[in-house]
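> next one to model:
(chains A and B)
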Amino acid sequence: MNINLTLLGQAITFGIFIWFTMKFVWPPIMQAISERQKTIADGLAAAQQGQESLQQAHKAANDELSIARKKASEVIDGANKRAEQMISAAQEKAQAEGQRLLLQAQAQIAQDMQQAREKLQREIAQIAIAGAQQLLERSVDEKAQQELIDKFAQGI
Amino acid sequence: MSSANAPLTSTEYIQHHLSHLTWGEGFWSINIDSMIIALTVGLVFILGFHYAARKATSGVPGKWQCLVEMVVGFVDTQVRDSFHGNNTWLAPLALTIFVWVFLMNFIDLLPVDLLPVVAQAAGANYFRAVPTADINVTLGMSLTVFCIIIFSNFHAKGAKGFAKDVANHPFGPKLMPFNIVMRFVEELAKPTSLALRLFGNLYAGELIFILIAALVPWMFQWTLGAVWAIFHILVITLQAFIFMMLTIVYISMAHEHH
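Modelled structure (predicted):
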């Protein structure tokens, strides 16, 4: 356990090692560490930002969707209403047309009946005249008789 | 086992293992074994860390860089916690102490006969492998720390401020001679306690390994040896940490103004 030159040798070596560490070991490692810390911090911040913008995008998409849904339902409602309107208009039109056709047919029928009646009247008058002529077998004042027959025929 | 090729008694074995490989006479001699191992592990530290520093990337680090960064970050935290000045040199100093002392202590965990047998094969009769179990090594390191403490005192306070500090504390200006003596003892106690604490722990650790190897029958050596070695993992780390921590504390004390 003698004290000898080893002591000085060790002290000098130690000094040199300290200098070397200070000069060539410590600074680059610390720099790398702090740079990585910055990188990680930036990355975390970016991730946070990404999360936030994702949430915003979700919210915006939801808003858009609900607006679109509302619009779609409005469009469907409008279409339904329009369809109902069209159907009822068509119904009204069809009814009116049917009414018109009915009236026309009735008018036609009435006219036909009138004509047939007039024709019948005339035929009956002639038959009556002929019948009366044969019945009486003599000529009477044809004119007076005709008036009589007409009056009669009108009565039918 | 060295006892295989040269029949030694236990006492001779122990003495053999406690002798340095020395070159020179008296004070002007040098313990070659301590210096070789200290320089080797020191260069392993310096070059290994320098390699990591050169390849250091702020991107994804390799495993070696991660380890180095963990150690550096650990030391940096310790320095930041206890020293609030400009630490461009204190943190590297602390890193050097921690890693170098740890590596020198680590030699203690190698089998006690391994390096001596290798040395014997190379022609050296004696070889004490653990540098920090050599009082010269620990005193040499604490001498450097002592110089740095004195330098820090001058640097932080100036020559006048330092002289005032020495003369007026802790008892006030009226008891100036006592103050100076107290300060002298205090400053000398710092490196001495640093050196002796590390030396004592490692010397005792090494001695116990040697005793186990010398006195316990070989088939039972692993029981005591394993227990002591596992415990010693804690001791060598703790001693390296204590040496570093006390150095930081002493230097921050030197920077403080009373």
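> near chain B, anything from the helix or strand where residue A:121 lies?
Using DSSP states H and E, residue A:121 sits in helix A:26-136. Yes: contact between helix A:26-136 and chain B, assessed by CB under 8 Å from any CB of the partner chain, occurs at A:26-33, A:35-36, A:38-39. Backbone N, C-alpha and C define where each C-beta goes, glycine included.
> chain center to that helix: distance?
Distance of helix A:26-136 from its chain centroid, counting by CA atoms, centre = their mean, to the nearest Å, is 7 Å.
> right, and the helix or strand after that helix?
In N-to-C order, the element after helix A:26-136 by DSSP H and E is helix A:142-155.
> that following helix versus helix A:26-136: what angle between them?
140 degrees (axes from the mean of the first three to the mean of the last three CA atoms, to 10 degrees).
> now name the helix or strand holding the residue in the stretch 101-250 of chain B positioned nearest to chain A.
Nearest residue of the stretch 101-250 of chain B to chain A: residue B:140, at 2.9 Å (CB to the nearest CB). Here residue B:140, judged by DSSP H and E, is contained in helix B:135-168.
> by contact count, what packs against the helix or strand following that helix?
Sequence-wise, the next helix or strand downstream of helix B:135-168 (DSSP H and E) is helix B:176-215. Helix B:176-215 makes packing contacts with helix B:10-17, helix B:135-168, helix B:221-255 when contacts are defined by 3 or more CB pairs under 8 Å, 6 or more residues apart in numbering or on different chains; DSSP states H and E.
> each with direction, which strands does the following helix or strand past the first one pair with?
Which is helix B:10-17. Counting by DSSP H and E, the next helix or strand C-terminal to helix B:10-17 is strand B:22-25. Under the criterion DSSP bridges, strand B:22-25 sits next to strand B:28-31 (antiparallel) in its sheet.
> and the contacts of the partner strand?
For strand B:28-31, contacts defined as CB atoms under 8 Å, 6 or more residues apart in numbering or on different chains pick out A:2, A:4-6, A:9, B:20-24, B:128, B:134, B:136.
> give me the neighbour count for residue A:77.
10 (other CB atoms under 10 Å in any protein chain shown).
> narrow the contacts of strand B:28-31 to those that are buried.
Among the contacts of strand B:28-31, those that count as buried by neighbour count (16 or more other CB atoms under 10 Å in any protein chain shown) are A:4-6, A:9, B:20-22, B:128, B:134, B:136.
> closest to residue B:89 out of those?
residue A:9 (22.1 Å; CB to CB).
> next, find the distance separating residue A:53 from chain B.
Going from residue A:53 to chain B by CB to the nearest CB, to the nearest Å gives 26 Å.
> next, count neighbours for that residue.
10.
> for residue A:59, see how far away it is.
Distance of residue A:53 to residue A:59, computed by CB to CB, to the nearest Å: 10 Å.
> one more: residue B:109?
62 Å.
> which of these two has more residues huddled nearby?
residue B:109 (15 against 10).
> shouldn't that one be in contact with residue B:232?
Yes: counting by CB atoms under 8 Å, residue B:232 is a contact partner of residue B:109 at 6.2 Å.
> ok and the residue in chain A nearest chain B?
With CB to the nearest CB, the shortest gap between chain A and chain B falls at residue A:10, namely 2.9 Å.
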